[in-house]
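Asker: coordinates only, sequence not included:
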């Protein structure tokens, strides 16, 4: 059974960099064909895909967020990491990590429980 668990600060000040980690168990983030995603949901809004990193380490970002987003991974810890620079209150959201199985473009099948991030001074 694959499990994903997000972790990071619950409160970030405006203009700072947000860093979240998704720890994966029950499956390797380098397993062929799998894609590891970050998604968020702001208050009163729908889900917003932030970006992903593939099993081979390739990254793809939402064009509207691309200038402030970075996704990386630590294969030794089986984790992938999201960084969002220059945060504003509009980045306040529940942040989720999720897995998409092959083939590329499949819907997400396993999710973390989500972590609340609030941007406020």
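Answerer: Right, received. Where do you want to start? The structure presented is a predicted model; accordingly, all values stated were derived computationally and were not measured.
Asker: tell me the secondary structure at residue 67.
Answerer: Secondary structure state of residue 67, per DSSP: H, G, I helix; E, B strand; the rest coil, is helix.
Asker: which residues touch the residue most central in space within the chain?
Answerer: Most central in the chain under C-alpha atoms, centre = their mean is residue 38, positioned 2.5 Å from the mean C-alpha point. Going by C-beta atoms under 8 Å, 6 or more residues apart in numbering, residue 38 touches 20, 22, 49-52, 71, 82, 95-98. From N, CA and C alone the C-beta is placed, and that goes for glycine too.
Asker: PyMOL command to pick out the buried ones of those?
Answerer: To isolate the buried ones among the contacts of residue 38 in PyMOL, judged by 16 or more other C-beta atoms under 10 Å, type:
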select buried, resi 20+22+50+51+52+71+82+95+96+97+98
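Asker: relative to residue 118, which of the contacts of residue 38 is nearest.
Answerer: If you rank the contacts of residue 38 by distance to residue 118 using C-beta to C-beta, residue 95 comes first, at 11.0 Å.
Asker: on that earlier part again, could you check the pLDDT of the residue nearest to the centre of the chain?
Answerer: Note for residue 38: predicted pLDDT of 98.
Asker: and it, what helix or strand is that in?
Answerer: According to DSSP states H and E, residue 38 maps onto strand 35-41.
Asker: residue boundaries of the helices in this structure?
Answerer: In the chain, no helices are defined using DSSP state H.
Asker: where does this structure dip in pLDDT?
Answerer: Counting by pLDDT under 70, the chain contains no low-confidence range.
Asker: can you map out the strands along it?
Answerer: In the chain, the strands defined using DSSP state E lie at 3-7, 11-12, 18-25, 35-41, 47-54, 59-61, 69-74, 79-84, 93-100, 110-111, 115-119.
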